[in-house]
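Q: just to be clear, the model below is a prediction. Sequence and coordinates:
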Amino acid sequence: MGRARLGGGIGQSGPDLAHLPAKDTMTASTPVEGSSAIPAEPTSTGASGEAPLPGRWIALAVLALAQFVLVLDSTVVNVALPSIQRQFDLPEARLAWIVNGYGLAFGGLLLLGGSLGDLYGRRKLFMLGIGVFSGASLIAGLAWNADIIIAMRFLQGAGAAMAAPAALSSITRIFTIPKERTKALGTWGGISALGGTIGAVLSGFITEYQSWRWVFFVTVPVTLIALALAPKFVPESRAPSRPKLDVLGAILITSAIGTAVFALLDKGAKAWTDPLLLAQLAGAAFLVVIFIAWEKRQTMPMVPLDIFKNRNRVVGVTASVLFGSVLSTYFFTTTLYMQTVLGFKPLKTGAAYLPLGLIILVAFPIISALVGRIGVRVVMTTGLLSGMSGLLVLSTLQVDGTYRGDVLPGMILVAIAAACGFVTFTIAGVDGTTEENAGIASGILSAGGQIGSALGLATLVSIAVSVQVSEAAAQIPRSQALVDGFAAAYQVGAGILFVGAVIAAVFLRSTASNTAATAAKMSASN
């Protein structure tokens with residue numbers, strides 16, 4: 001931590017950063033004369049009157065490095081799953097929990113993580129979350145049975161739930177100049193997309209030449225670097241008036257999501273009209289209703305309903321949920337197709353995703369520039385339609401297909417969708433945030449993608465399994481049944497993205513000044 005006092009510690013009632021004199025808002029590691037941490041003193045005249053934070057781009061690099069690892073961890077285990085399955089003789093239902101355990105804890109606790117950051121300090125929560133994540137990664141790599149891996153995946157998700165919203169809301173407070181804030185948020189979104197794709201490539205290389213254990217070990221040194229640099233370059237910030245934590249709300253929403261995911265993963269060959277399945281899904285829906293009712297009664301709820309009065313934020317979160325539900329399934333099913341049908345080895349499977357990552361890397365600055373020129377709505381809608389088209393192309397996979405003819409065309413379109421989506425989802429999802437709700441807004445945005453990932457993977461994989469079981473009973477060859485199941489999942493996923501594109505086109509305000517207006521409003525409110 002910096003040596004200068006940045007407000008009270010956890011459980012203390014010291015002054016908030018927003019109300020400290022300028023000289024007291026900087027850590028001892030960034031002592032620049034005349035500079036001020038953001039937000040500025042209450043007498044600030046707005047974005048144009050605030051001095052930029054020295055070292056803000058280094059702070060962005062530190063926060064983005066951590067975000068890269070958190071997102072990478074969502075996909076890095078995918079190619080290694082068959083190796084883990086063989087070592088511990090896991091049935092597919094339990095194997096899926098290695099993927100969904102992380103997403104479930106991440107998404108279910110993100111809302112609470114946003115509130116904790118607002119209350120106790122975003123840098124504190126960022127560092128605590130990164131520490132928990134790093135420790136869980138180390139233990140998962142050393143695991144002696146599958147239960148340990150699954151438990152550590154949940155713990156990794158909990159750490160990510162503390163770190164991710166704290167990092168994103170810190171960015172919204174660090175960058176007060178509108179153009180810089182747009183660039184920073186675009187960079188954040190691009191790093192998120194890139195981390196998810198590189199995870200698959202890295203996983204294949206590690207699994208082929210080392211061991212599946214290294215897919216967990218590899219994140220440890222990177223997180224330790226971020227943990228070491230955060231006190232020096234990332235300023236502390238908090239919301240001055242969120243004194244109460246809505247723990248019951250967090251329990252209710254996490255339980256609702258967990259119940260639904262468990263029901264879908266446990267479905268197996270059961271019919272969609274199975275009484276137990278319907279009862280479990282009804283129970284999940286009931287918990288959601290209780291959660292909403294509870295939030296309405298709270299004076300300081302975990303999810304203030306007025307946060308959804310901003311239409312752009314609603315669209316950004318909705319699109320993040322829908323796209324997350326499809327992207328997780330894309331990685332899961334495409335990996336299985338390449339390994340079980342095309343016969344790819346882990347390294348070749350991982351390398352097959354390299355074009356996706358490269359396309360995102362090249363497209364990211366172009367997409368960021370386009371947002372400023374033609375607006376968020378056009379770019380987001382185009383991206384979702386591109387993803388829909390890619391999934392429809394993938395739904396034509398053949399048993400005797402090839403990578404170049406069957407996988408690559410759809411991958412290119414999905415990559416364009418990811419580049420468009422992650423940039424625009426981020427910008428729309430934090431539109432209009434203030435010092436009071438920056439943490440919870442970013443928590444909701446991040447939760448959307450993770451919750452969508454968990455629910456989407458469980459739902460679409462269940463659809464694929466249902467088709468495969470039905471065709472196996474009809475004596476159709478296993479390889480053909482697998483491909484037909486994957487095709488069904490892709491087709492439903494395409495429908496989901498079409499719905500998202502319609503929502504974006506109809507409801508999102510298309511103005512290139514969205515982010516600038518947001519930054520100006522945030523500064524004025526302080």
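A: Here it is on my side, so go on.
Q: after the host helix or strand of residue 455, which helix or strand is next?
A: Secondary structure from DSSP states H and E places residue 455 in helix 438-473. Once the chain leaves helix 438-473, the next helix or strand it forms, by DSSP H and E, is helix 478-507.
Q: just the helices in the stretch 51-200 of the chain please.
A: Assigned by DSSP state H, counting those that start in this stretch, the stretch 51-200 of the chain shows helices spanning 56-75, 81-88, 92-120, 122-141, 146-174, 178-209.
Q: hang on, the earlier thing: buried residues, the helix holding residue 455. List them.
A: 438-468, 471-472 (16 or more other C-beta atoms under 10 Å). The C-beta positions use only the backbone N, C-alpha and C, and glycine is treated the same way.
Q: equivalent analysis for stretch 501-511, please.
A: 501, 503-505, 508, 510.
Q: which among the residues you listed gets closest to residue 430?
A: For these, the residue nearest residue 430 by C-beta to C-beta is residue 508; the value is 14.0 Å.
Q: backbone phi and psi for that closest one, please?
A: The phi/psi pair for residue 508 (degrees, to the nearest 10) reads phi -80, psi 130.
Q: grab the nearest non-local neighbour of it.
A: Computed as C-beta to C-beta, 6 or more residues apart in numbering, the closest residue to residue 508 that is not its neighbour in sequence is residue 377, at 4.2 Å.
Q: tally of neighbours for the one you found?
A: 22 (other C-beta atoms under 10 Å).
Q: surely it and residue 506 touch.
A: No: counting by C-beta atoms under 8 Å, residue 377 does not reach residue 506; the two are 9.3 Å apart.
Q: what is the end-to-end distance of stretch 135-152?
A: End-to-end distance for stretch 135-152: 9 Å, by C-alpha to C-alpha, to the nearest Å.
Q: burial count for residue 362?
A: 12.
Q: how close does it sit to residue 384?
A: In this view, residue 362 and residue 384 are 20 Å apart by C-beta to C-beta, to the nearest Å.
Q: quick one: residue 288 from residue 79, how far?
A: Going from residue 288 to residue 79 by C-beta to C-beta gives 34 Å.
Q: on that earlier part again, in TSV, list the helices of the stretch 51-200 of the chain along with mean neighbour count, mean pLDDT and distance to residue 331.
A: TSV is the format used below for the helices of the stretch 51-200 of the chain (neighbours: other C-beta atoms under 10 Å; pLDDT from 0 to 100; distance: least, C-beta to C-beta, whole Å):
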stretch	mean neighbour count	mean pLDDT	distance to residue 331
helix 56-75	24	76	6
helix 81-88	17	80	11
helix 92-120	25	76	9
helix 122-141	23	87	19
helix 146-174	26	83	16
helix 178-209	23	71	6
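Q: now these as a markdown table including distance to residue 494?
A: Shown next, in a markdown table, are the helices of the stretch 51-200 of the chain (distance: least, C-beta to C-beta, whole Å):
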| stretch | distance to residue 494 |
| --- | --- |
| helix 56-75 | 21 |
| helix 81-88 | 24 |
| helix 92-120 | 21 |
| helix 122-141 | 33 |
| helix 146-174 | 28 |
| helix 178-209 | 19 |
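Q: returning to what we had before: and the angle for the helix holding residue 455 with helix 92-120?
A: 170 degrees (axes from the mean of the first three to the mean of the last three C-alpha atoms, to 10 degrees).
Q: packing partners for helix 438-473?
A: helix 92-120, helix 146-174, helix 247-265, helix 311-336, helix 408-429, helix 478-507 (3 or more C-beta pairs under 8 Å, 6 or more residues apart in numbering; DSSP states H and E).
Q: how about TSV for these, with distance to residue 355 added?
A: Output for the helices and strands packed on helix 438-473, formatted as TSV (distance: least, C-beta to C-beta, whole Å):
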stretch	distance to residue 355
helix 92-120	23
helix 146-174	27
helix 247-265	30
helix 311-336	12
helix 408-429	6
helix 478-507	18
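Q: which one of those helices lies nearest to residue 293?
A: Set against residue 293 and scored by C-beta to C-beta, these come closest in helix 247-265, at 9.6 Å.
Q: got the buried residues for the next helix or strand after that closest one?
A: Downstream of helix 247-265, the next assigned helix or strand under DSSP H and E is helix 275-297. Buried residues in helix 275-297, defined by neighbour count with 16+ other C-beta under 10 Å: 277, 280-281, 284, 287-288, 290-291, 294-295.
Q: just stretch 490-502 next, same as before
A: 490, 492-494, 496-498, 500-501.
Q: re earlier: roughly how far out does the helix holding residue 455 sit from the chain middle?
A: Centroid separation between helix 438-473 and its chain, computed with C-alpha atoms, centre = their mean, to the nearest Å, is 13 Å.
Q: same thing with stretch 282-301?
A: On C-alpha atoms, centre = their mean, the centre of stretch 282-301 falls 23 Å from that of its chain.
Q: cool, stretch 217-231 as well?
A: Using C-alpha atoms, centre = their mean, the distance between the centre of stretch 217-231 and that of its chain works out at 19 Å.
Q: list the buried residues for that stretch?
A: Per 16+ other C-beta under 10 Å, stretch 217-231 contains these buried residues: 217-220, 222-223, 226-227, 229-231.
Q: can you pull out the residues in contact with that stretch?
A: Defining contact as C-beta atoms under 8 Å, 6 or more residues apart in numbering, one finds that stretch 217-231 is touched by 1-2, 27, 29, 58, 62-63, 65-66, 68-69, 72-73, 76, 123, 126-127, 130-131, 133-134, 137-138, 141, 202, 206.
Q: picking that back up, can you redo the buried residues of stretch 217-231 as CSV with secondary structure, distance to residue 273 and pLDDT?
A: Listed next are these as CSV, based on DSSP: H, G, I helix; E, B strand; the rest coil; distance: C-beta to C-beta, whole Å; pLDDT from 0 to 100:
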residue, secondary structure, distance to residue 273, pLDDT
217, helix, 45, 87
218, coil, 44, 80
219, helix, 42, 82
220, helix, 46, 86
222, helix, 47, 82
223, helix, 45, 82
226, helix, 48, 81
227, helix, 50, 81
229, helix, 54, 79
230, helix, 51, 77
231, helix, 56, 78
